[in-house]
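>>> Provide a 3D model corresponding to the input given below.
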Amino acid sequence: MLLNISQVSQMVKLGPSTIRRMAARGEFPVGRKLNKKNRVWYEEEVTRWIIETLGEPVSKSRSNGKTWLSSLVGKS
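As a prediction, the model looks like this:
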């Protein structure tokens, strides 16, 4: 399944700008250009990144309410 930036953002609990910055730094899958303005990601590639990066699904399971992913990138 192909995901747009909004869907990826919801899936990983990061904002679109953060995702783009991380992709530019090689810290997140780059995705594929759909056209001049839009980029898409394969759901499997995003899921694989989550598992490889976190070793678990994204959830608000910490006592401070932050997601494991947001603590990784320093965002709340």
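
>>> measure the most centrally placed residue in the chain to Lys37 for me?
Averaging the C-alpha coordinates of the chain gives a centre point, and the residue nearest to it by CA atoms, centre = their mean is Val12 (4.1 Å). Between Val12 and Lys37 the distance is 21 Å, computed by CB to CB, to the nearest Å. Every C-beta, even on glycine, is put in place using the N, C-alpha and C of the backbone.

>>> repeat that for Phe28.
To Lys37, Phe28 is 19 Å away according to CB to CB.

>>> for this protein, which spans come out with low pLDDT?
Screening the chain residue by residue with the criterion pLDDT under 70, one finds the ranges 56-76.

>>> which helix or which strand is home to Glu52?
With the criterion set as DSSP states H and E, the secondary-structure element containing Glu52 is helix 43-54.

>>> what ranges do the strands span in this protein?
2-3, 32-33, 39-42 (DSSP state E).

>>> please identify the deepest-packed of those.
Ranked by average neighbour count under the criterion mean count of other CB atoms under 10 Å, these are headed by strand 39-42 at a mean of 18.

>>> picking up where we left off before, any idea how far Lys36 is from the residue nearest to the centre of the chain?
Applying CB to CB, the value for Val12 to Lys36 is 24 Å.

>>> again with Ser9
Distance, Ser9 to Lys36, by CB to CB: 21 Å.
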